[in-house]
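The sequence and its predicted three-dimensional model are supplied below.
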Amino acid sequence: MIERVLIAVGEERMHVEEITEHAVEIASALGAAVTLLQVYSESEFDDILDGMEYESADPTHIAKRNSVVRDAASLVRAAAVDLDVVGKVGVPAEEVADYVSDHDIDHVFIGGRKRRPTGKALLGSTSQDILLALDVPCTVFQLG
């Protein structure tokens, strides 16, 4: 049974909305809760803090201020689905996998970019890394 779904939020605004709409449709039908997880690399998080002129901050606080996360959260709230927003700092695949296992997530939604077969064989991607790290079902939306 699916009780908790996670959306791994990236910076692809229009695709995050599409992913969120699909995840909300499923969560709503099943009575499941949704978690929006934004993972920042160390350098990305430091740049955000510098830009905001903060010495330090809670990554969840920063994620909740992220416009992409806010837009996705609005879609979840509009459907009256239970929502958690979480921010983490680290390696995305590791942070997503750790969060999934630590919080009993039943299904994960992520976006992936279109790539040529050679690129897929030679270059890793965050989406591929997340997929390989997960032990739960995952829905991948192919982004343009």
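Sure, I can see it. Numbering: from 1, shown residues only.

Please work out which residues outside stretch 43-60 touch it.
Contact with stretch 43-60 is made by 38, 40, 62, 85-89, as judged by C-beta atoms under 8 Å, 6 or more residues apart in numbering. From N, CA and C alone the C-beta is placed, and that goes for glycine too.

any idea of the mean pLDDT in it?
Mean pLDDT, computed over stretch 43-60, is 94.

mind listing what's buried in that stretch?
Counting neighbours by 16 or more other C-beta atoms under 10 Å, one finds that the buried residues in stretch 43-60 are 45, 48, 59-60.

Farthest-apart pair in the contacts of stretch 43-60, please.
When C-beta to C-beta is used, the two most widely separated members of those are Val85 and Val89, lying 14.9 Å apart.

just to revisit the earlier point, same list (the contacts of stretch 43-60) but as CSV, adding distance to Glu3, neighbour count and secondary structure.
Supplementary listing: the contacts of stretch 43-60 in CSV, determined by distance: C-beta to C-beta, whole Å; neighbours: other C-beta atoms under 10 Å; DSSP: H, G, I helix; E, B strand; the rest coil:
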residue, distance to Glu3, neighbour count, secondary structure
Gln38, 22, 26, strand
Tyr40, 27, 21, strand
Ile62, 27, 19, helix
Val85, 18, 20, strand
Val86, 17, 19, strand
Gly87, 22, 23, strand
Lys88, 21, 19, strand
Val89, 27, 18, strand
